[in-house]
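Chemist: Predicted model follows, preceded by the sequence.
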2 protein chains.
Amino acid sequence: MLGNVDIDNSECLLHMKKRELKPTTAVVPCPVVLLSVRGEERPNIITLSWTANVCSDPPTVAVGVRPKRYSHRLMLEAGDFVLNIPSSRQFENVVFCGTKSGRDHDKFEECDFTPIPASRVSSPMIAECPINIECKTTRVIPLGAHDLFIAEVVAVHVDEELFESMQESTQFDIARLNLFTYVPLTGEYWAVGDKMD
Amino acid sequence: MLGNVDIDNSECLLHMKKRELKPTTAVVPCPVVLLSVRGEERPNIITLSWTANVCSDPPTVAVGVRPKRYSHRLMLEAGDFVLNIPSSRQFENVVFCGTKSGRDHDKFEECDFTPIPASRVSSPMIAECPINIECKTTRVIPLGAHDLFIAEVVAVHVDEELFESMQESTQFDIARLNLFTYVPLTGEYWAVGDKMD
């Protein structure tokens, strides 16, 4: 009996054995968004993962963007942006928009993305993304490598096909989104799988 | 030929048909964390999803917390907290810690969670969670329903069993984390599935 207790304890301690890493960005899993923003020459798109809903009322998002990124200046100039939530159908373009600069590329054209006007902001939305979140920047906070854009959500658009078949349904079928997520610890993208019970 | 083009176009427009919603927190999928914080009587745990990595250097997180939540005052008093990333093994406790108040419950005890000392902060870590992120609050920004805590990551701990079998390996096996994610549009939790290629 005592033997069993000892074994249980050691298994428990083994399970809890931890390794300390250098401080790093370890919140996982992370959302992946395609941020679209108006530009003088052409609109741009940037793939970002340092983002979250941070307040329910008024609905507010926060987005971390490196000052040296091309979109950073566009975001300051526009004062608004759209967070477009991609589905796995757009995965290849998500990688492209995260690794190429808008200085050298017309990302809407090269990704075959369709810019469509937003309702309340000057930046365009990406038609092909199933969710589009219109945001107006309210403040920008320098944090170091990234500046934090805090922005109020002023409109949200979702593809009709995300709703369950019943007409006038307001119930989303999340499986139809084919969402995926980013894991900075390994730099990998992982698909969202099944609903938890 | 022209007929085919017309059909293609209409399919395309059908696919892009959008519905506008009231402004809401629509960034998906969201991480789920168990925030642990020191308290005068006892430490507390709160389940949160309004959180993200927001800066790489110094590694920084942002966390939205309602001022009326019991942990809000504890976080102000402690000046630090730990973000514990749960695996699906802790799912039941994640729901418990998100719906019960620390005013009425000793959540460490009721969840059978083990508080262990952190390296650099005064708040305890949850031993059973596979990743523990020690954070020191640098600023608190009122946004409305939620206050935004911005905090520097000062240490990260991960379970040894997350590393691939090779000794001294620094390569994580993300599948061993059994991560899950929160989708505020439906209030559902969804498991992380397979790696994207």
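Modeler: Arrived safely. The structure displayed is predicted, hence computed values, not measured ones.

Chemist: number of nearby residues for A:Asp197?
Modeler: 6 (other C-beta atoms under 10 Å in any protein chain shown). The way it works is simple: take the backbone N, C-alpha and C, and place the C-beta from them, glycine included.

Chemist: got a list of what it touches?
Modeler: A:Asp197 sits next to no residue when contact means C-beta atoms under 8 Å, 6 or more residues apart in numbering or on different chains.

Chemist: Helix, strand or coil: sort out it for me.
Modeler: Using DSSP: H, G, I helix; E, B strand; the rest coil, the structure places A:Asp197 in coil.

Chemist: Smallest gap between chain A and chain B, at which residue?
Modeler: Residue nearest to chain B within chain A: A:Gly193 (2.4 Å; C-beta to the nearest C-beta).

Chemist: got the phi/psi numbers for that residue?
Modeler: Note on A:Gly193: its backbone torsions stand at phi -100, psi -110 [degrees, to the nearest 10].

Chemist: Could you say which helix or strand holds A:Thr157?
Modeler: Check again: residue A:157 is His, not Thr. Applying DSSP states H and E as the criterion places A:His157 in strand A:147-159.

Chemist: tilt between that strand and strand B:147-159?
Modeler: Calculated by axes from the mean of the first three to the mean of the last three C-alpha atoms, to 10 degrees, strand A:147-159 forms an angle of 90 degrees with strand B:147-159.

Chemist: In chain A, mark out all the helices, start to finish.
Modeler: For chain A, the helices defined by DSSP state H cover A:2-15, A:70-78, A:91-99, A:107-110.

Chemist: per-residue confidence for A:Arg139?
Modeler: Residue-level confidence at A:Arg139 comes out at 97, pLDDT.

Chemist: Next up, the contacts around it.
Modeler: A:Phe149, A:Ile150.

Chemist: 6 Å instead, please
Modeler: By C-beta atoms under 6 Å, 6 or more residues apart in numbering or on different chains, A:Arg139 lies in contact with A:Ile150.

Chemist: same thing with the one 10 residues further on?
Modeler: The neighbourhood of A:Phe149, defined by C-beta under 6 Å, 6+ apart, consists of A:Val63, A:Thr137, A:Val140.

Chemist: got a markdown table for these, with neighbour count too?
Modeler: As requested, the contacts of A:Phe149 are arranged in a markdown table below (neighbours: other C-beta atoms under 10 Å in any protein chain shown):
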| residue | neighbour count |
| --- | --- |
| A:Val63 | 28 |
| A:Thr137 | 18 |
| A:Val140 | 16 |
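
Chemist: which one among these gets closest to B:Asn84?
Modeler: Closest approach between the contacts of A:Phe149 and B:Asn84, by C-beta to C-beta: A:Val63, at 24.4 Å.

Chemist: any idea how far A:Cys135 is from that closest one?
Modeler: From A:Val63 across to A:Cys135, the span is 8 Å (C-beta to C-beta, to the nearest Å).

Chemist: likewise A:Lys18?
Modeler: A:Lys18 is 38 Å from A:Cys135, by C-beta to C-beta.

Chemist: what do you get for A:Ser49?
Modeler: Computed as C-beta to C-beta, the A:Ser49 to A:Cys135 distance reads 16 Å.

Chemist: Looking only at neighbour counts, state which of those two leads.
Modeler: The neighbour comparison of A:Ser49 against A:Cys135 (other C-beta under 10 Å) goes to A:Cys135, with 31 against 23.

Chemist: Dig out what the more buried one forms beta bridges with.
Modeler: For A:Cys135, the beta-bridge assignment (DSSP bridges) gives partners A:Phe81, A:Val153.

Chemist: Find the residue ranges of chain A scoring beneath the pLDDT cut-off.
Modeler: By pLDDT under 70, the low-scoring segments of chain A are A:1-16, A:165-170.

Chemist: Check the contact between A:Val37 and A:Ser71; I expect there is one.
Modeler: Yes - with contact defined as C-beta atoms under 6 Å, A:Val37 counts as touching A:Ser71 (5.5 Å).
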